[in-house]
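Chemist: Show me how the following folds:
(one chain, ligands or ions: 1)
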Amino acid sequence: MAQHTQNSSKSVPKLRLGTRQSPLAVAQAEETRRRLCAAHGWDEDAVELVKVRASGDKIQDRPLADIGGKALWTRELDIWLAEGKIDAAVHSMKDVETIRPDSLTIAAILPRADVRDVLIGAASVNAIPRGARIGTSAPRRAAQMLYHRPDCTIVFFRGNVATRLAKLAVGEADVTLLAAAGLERLGQTGTGTPLPADEWLPAPAQGAIGIECNTADAETCRSIGAINDPASQHTVMAERALLAALGGTCHSPIAVLATIDGDQITMRASLFSSDGLERVDGTARFAAEDLDAAADLGRDLLDRASPAIRTLFTGLS
Ligand SMILES: NCc1[nH]cc(CCC(=O)O)c1CC(=O)O
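Modeler: Here you go, the predicted model:
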C-alpha cells in the first residue's frame, strides 16, 4: 500500500490502481474504484488511477497472436506492480494469460457482466448475407463463424471497441462481433444483437474484471479481496483451469462458459479447428472449487479432438 500517515492530506491515495489507457480499460478501473470506495467507506480520491500504455495497445496492425499474445496486455502493468509504482492492476480476465507468476495474486474478480458476444451488422448468424466479410482477429470468433457460416470470409480487424465499430461503419467488413460486457461498460448497450450464450459460447473469462496485486503485499490483497464476487471467481477460475489443461493460447479457438447454481458449476466448452470445419464439444458438472474437474473436461476434449484441432493446443496437464 502507498505510504501514508495519520495526518496525511486528502490527496494522498490509499491505493494506486494501474490500468491500461483504452476507454474500456479506464471504465473498468473506474468501476473497480467505485466498488473499492463503497466497500471500505473511502472517499473517491483514496484510489488513484494510474494509466499505463500497454504493448498490446501500441501494435495495432498485426494479430495479437502473432506479436506475443496476451502477455502484451499485462507486461507493463506487471512491471509497474513489481517496481511498486502501483499497488494493484485491473485487467479484463479474458486478456490475462493462463499461467501467472507466483509473485502476483488475483485478489478479486468483480461480479461478472454479460458474458455474451454481440453480433453487429446482421440480426442473427443466419441472417448474415451470403459471402459476407466478418471483421475479427479473434481465432475463436473466426472459427465459430466459419463453423456456422462457411460461406463467409474473415477479415483482419483489431483495435479497441470504437476503432472496430468505425472500421465497420466505413465498410471494412460487413459484420463484426464484440463482447456485450465491453459495449455495456462503454455505454453502448443498444448496439447489435447479443448471441444466445448456449448457442454461441463466449471466450474463457469473457465479461470478468480481475484485480491483481503483489502476493507479498498482504495488506493490499486483503483490501482488494473485499470486492471479490465468489460466484464470478469460481466460474472464471474454472474456465481458466480448463484453458490451462488444454494449453490454450490466443491462437486456440476455444469457447467455454461456466455457470454456477449454489455450489454446482456447469461448464460447457467447444474447441474448433481454425477453419471452423471441425468442432468438439463437452459438458461437465462439478463442485465450485473443483478445478481438477474443470481440467478433466479439457483433457477429455483433447482426447476426442481431431488432429486439426489438437494441433492448436499444447495440452499441458
Ligand atoms: N480482446 C479485447 C477485449 N478484452 C475484453 C473485452 C471486452 C470485455 C470483456 O470481455 O470482459 C474486449 C473487447 C471485445 O472482445 O469485444
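Chemist: When you work out contacts or count neighbours from here on, use the C-alpha atoms and nothing else.
Modeler: Noted.
Chemist: Count the neighbours of the closest residue to residue 145 other than its chain neighbours for me.
Modeler: Taking Cα to Cα, 6 or more residues apart in numbering as the measure, residue 145 lies nearest to residue 276, with 7.2 Å between them; neighbours along the chain are not counted. Other residues within reach of residue 276, judged by other Cα atoms under 10 Å, total 22.
Chemist: Quick one, grab the pLDDT at residue 276.
Modeler: Reported pLDDT at residue 276 in the predicted model: 96.
Chemist: Any figure for the gap between residue 269 and residue 253?
Modeler: Counting by Cα to Cα, to the nearest Å, the gap between residue 269 and residue 253 amounts to 11 Å.
Chemist: between these two, which one's more packed in?
Modeler: With neighbours defined as other Cα under 10 Å, residue 269 and residue 253 compare such that residue 253 has more, 26 against 23.
Chemist: Can you read off the backbone torsions of the residue nearest to residue 145?
Modeler: Reported as degrees, to the nearest 10, the phi and psi values for residue 276 are phi 70, psi 0.
Chemist: Buried residues in stretch 144-159, which are they?
Modeler: For stretch 144-159, the neighbour count (16 or more other Cα atoms under 10 Å) marks 144-147, 149, 152-159 as buried.
Chemist: residues in the protein within reach of the ligand, list them.
Modeler: On the criterion Cα under 6 Å from any ligand atom, the ligand has as its neighbours in the chain the residues 92, 94-95, 178-179, 181-182, 206-208.
Chemist: Adding neighbour count and pLDDT as columns, could you present those in JSON lines?
Modeler: Compiled in JSON lines, the residues of the chain next to the ligand are given as follows (neighbours: other Cα atoms under 10 Å; pLDDT from 0 to 100):
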{"residue": "92", "neighbour count": "20", "pLDDT": "96"}
{"residue": "94", "neighbour count": "20", "pLDDT": "95"}
{"residue": "95", "neighbour count": "20", "pLDDT": "91"}
{"residue": "178", "neighbour count": "20", "pLDDT": "97"}
{"residue": "179", "neighbour count": "21", "pLDDT": "97"}
{"residue": "181", "neighbour count": "23", "pLDDT": "98"}
{"residue": "182", "neighbour count": "26", "pLDDT": "97"}
{"residue": "206", "neighbour count": "27", "pLDDT": "98"}
{"residue": "207", "neighbour count": "26", "pLDDT": "98"}
{"residue": "208", "neighbour count": "24", "pLDDT": "98"}
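Chemist: So which of the residues you listed sit within strands?
Modeler: Using DSSP state E, 92, 178-179 are the members of these that sit in strands.
Chemist: Pick the one among these closest to residue 298.
Modeler: Sorting these by distance to residue 298 puts residue 92 at the head of the list, at 22.3 Å, by Cα to Cα.
Chemist: Please report the distance of that closest one from residue 132.
Modeler: In this structure, residue 92 and residue 132 are separated by 30 Å, where distance is defined by Cα to Cα.
Chemist: Tell me which residues of stretch 244-261 come out buried.
Modeler: By neighbour count, and taking 16+ other Cα under 10 Å as the criterion, the buried residues in stretch 244-261 are 244-260.
Chemist: Mind checking which of the residues you listed are in strands?
Modeler: With strands identified by DSSP E, the entries of the buried residues of stretch 244-261 that belong to them are 254-260.
Chemist: just the strands in the protein please.
Modeler: Using DSSP E, the strands found in the chain span residues 15-20, 47-52, 88-92, 104-109, 117-120, 133-135, 153-155, 175-179, 193-194, 209-214, 254-261, 264-272, 279-287.
Chemist: Show me the one of those strands that comes nearest residue 308.
Modeler: Of all the strands of the chain, strand 264-272 sits nearest to residue 308, with 8.6 Å by Cα to Cα.
Chemist: for the stretch 201-317 of the chain, which spans come out with low pLDDT?
Modeler: Low-confidence segments of the stretch 201-317 of the chain, defined by pLDDT under 70, are located at 250, 315-317.
Chemist: The same query, at a cut-off of 50, please.
Modeler: In the prediction, the stretch 201-317 of the chain carries residues with pLDDT under 50 at positions 317.
Chemist: Show me what residue of it gets nearest to the ligand.
Modeler: Each residue of the stretch 201-317 of the chain has a distance to the ligand, by Cα to the nearest ligand atom, and the smallest belongs to residue 207, at 3.2 Å.
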